[in-house]
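S.K.: give me a model of this one.
(one chain, ligands or ions: 3)
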Amino acid sequence: MAAHFEIDDGFIAAQNEKAKTWVEEDYEHLAKALRRRGVDIEDLVGKAQSLRVAVPSWGVGTGGTRFARFPGSGEPRGIFEKLEDCGTIFKLVRSTPAVSLHIPWDKPGNADELLAFAKARGLNFDAMNSNTFQDQTGQELSYKFGSLTHPDRAVRNQAIAHNIACIELGQALGSKAHTVWIGDGGNFPGQQHIRRTLERYLESMREIYSALPDDWRLFIEHKFYEPAFYSTVINDWGVSYHCARELGPKAYCLVDLGHHPPNVNIEMIVARLIQFGKLAGFHFNDSKYGDDDLDSGSIKPFQLFLIFNELVDAELHSVPHFNPAYMLDQSHNVTDPIESLMMSAVELARGYVQAHLVDREALSAAQEKCDALMALATLKQAFTTDVAPILAVARERAGGAIDPIGSYRASGYRQRKAEERPAKVGVAAGIV
Ligand code: RM4
Ligand code: MN
Ligand code: MN
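M.R.: Numbering: from 1, shown residues only. Ligands and ions are numbered 1, 2, ... in the order given. Here you go, the predicted model:
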């Protein structure tokens, strides 16, 4: 592959130089304010630097809706170009060294070559994702009426084999987890036998589970509707939890924020899964109506904070089996995906740092005294603290950008990619 444009570290440092004065001023001011609250700002910088968020390979392409997709210029045309963009995000925000692959969308011709390409950019591979919600060219049997739960055993076998192949590829790439999300479900009442489909799911998943290496985890992702509009087989966290328990200790429940009906209390679900030792991790995004796949923190930032509040509480209490994997799962239909993913990674770090700011003694005291107002006020104090200087300093010290989006725009990356990557006719990157 010919040399492709990359943002160099010197450019980021020069951009940072321009912003340094305000960052230092704001950082000092915040350090003083936090000191009054008994908080050492340096601890929070350390926390911000410790948060790791994986980027979905499919998120760097422009997404679309069932109505249309409006391609962006210079978008990646294959897995190597997707990794280039992931490398750029990582360079600027420093919290996203891992990439999650979707198979067969990202199936490499040669796994070693892909691994070397990723390594050269400081990237590694997070959870693998299988795709049995779509038919591929040349595929023998159709998933139109289901995959792991299809009435025909031959279709189920094909879907099982695909999942096992994903795990094998993941082993070659150094991944340690496999995520299964199926589109299986019904569009009409009566279309599917509700209990039987779940029995078939478990039977199929047992085979996949048995192909899992010892140090791997299997993530079950639930979703209450779509593409099936009446019922889905793994419709909510309760079903997911049941299946994870049935399968065994390597199976966990993954929470995609957009996979719940509007107004569901997601932080409650998170707390319960933590309590039961079965939280796999997250597909972060935000939503207003359904699986909108909007940017994290764009619609309900307080909800994002409340989720992190549960996560930090579990971290501080060293809850057994608590080892959540964080990933973004978003569809960028009208923004530059690189900008959205960077902003979202920053939003997660913001929620995480703010959750570390919660005065847990005060919160606990308010809870014990049944002081509802003070409990909320304690959370609000953390949530309303502007931690932007902490996040900026954390990035800068790690070699990233004080202002990731400003620096990205100033670098002209997208324009350069538009020249390097003339659009392919009919390219189908992004979420369908
Ligand atoms: C699904 C689900 C999966 C993702 C696909 C593309 O709604 O969120 O995690 O892999 O979309
Ligand atoms: Mn998801
Ligand atoms: Mn989804």
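S.K.: mind listing the strands for the stretch 201-350 of the chain?
M.R.: 217-221, 231-232, 251-256, 279-284, 325-328 (DSSP state E, counting those that start in this stretch).
S.K.: format those as CSV; extra columns: mean pLDDT and mean neighbour count.
M.R.: Backbone N, C-alpha and C define where each C-beta goes, glycine included. Output for the strands of the stretch 201-350 of the chain, formatted as CSV (pLDDT from 0 to 100; neighbours: other Cβ atoms under 10 Å):
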stretch, mean pLDDT, mean neighbour count
strand 217-221, 99, 23
strand 231-232, 98, 21
strand 251-256, 98, 25
strand 279-284, 98, 26
strand 325-328, 98, 24
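S.K.: tell me which of the ones you listed sits nearest to Ala14.
M.R.: strand 325-328 (28.3 Å; Cβ to Cβ).
S.K.: what number of residues lie near the nearest residue to Leu202 once chain neighbours are set aside?
M.R.: Nearest residue to Leu202, sequence neighbours excluded (Cβ to Cβ, 6 or more residues apart in numbering): Glu246, at 5.7 Å. Close neighbours of Glu246, defined as other Cβ atoms under 10 Å, add up to 14.
S.K.: my guess is Glu246 contacts Glu199, does it?
M.R.: No. Applying Cβ atoms under 8 Å, one finds Glu246 not in contact with Glu199, separated by 10.4 Å.
S.K.: show the pLDDT at the residue nearest to Leu202.
M.R.: Per-residue confidence at Glu246 stands at 98 (pLDDT).
S.K.: repeat that for Leu123.
M.R.: For Leu123, pLDDT reads 98.
S.K.: repeat that for the one 3 residues further on.
M.R.: Per-residue confidence (pLDDT) for Asp126: 98.
S.K.: could you list the buried residues of the strand or helix carrying it?
M.R.: Per DSSP states H and E, Asp126 falls inside strand 124-130. Neighbour-count burial for strand 124-130, counted by 16 or more other Cβ atoms under 10 Å, picks out 124-130.
S.K.: for stretch 267-274, same thing?
M.R.: Under the neighbour-count criterion of 16+ other Cβ under 10 Å, stretch 267-274 has 267, 269-274 buried.
S.K.: check stretch 44-63 too.
M.R.: 44-45, 47-49, 51-63.
S.K.: how about stretch 143-151?
M.R.: 143, 146-150.
S.K.: quick one: that stretch to chain centroid distance?
M.R.: Computed by Cα atoms, centre = their mean, to the nearest Å, the chain-centroid distance of stretch 143-151 equals 26 Å.
S.K.: what average pLDDT does it get?
M.R.: 98.
S.K.: which residues sit against it?
M.R.: With contact meaning Cβ atoms under 8 Å, 6 or more residues apart in numbering, stretch 143-151 is reached by 132-135, 155-156, 158-160, 163, 180, 182-185, 192, 197-198, 200-201, 204-205, 233.
S.K.: go again with 6 Å.
M.R.: For stretch 143-151, the surrounding residues in contact (Cβ atoms under 6 Å, 6 or more residues apart in numbering) are 132, 135, 156, 159, 182, 184, 197, 200-201, 204, 233.
S.K.: that one: end-to-end distance?
M.R.: 11 Å (Cα to Cα, to the nearest Å).
S.K.: all set now, cheers.
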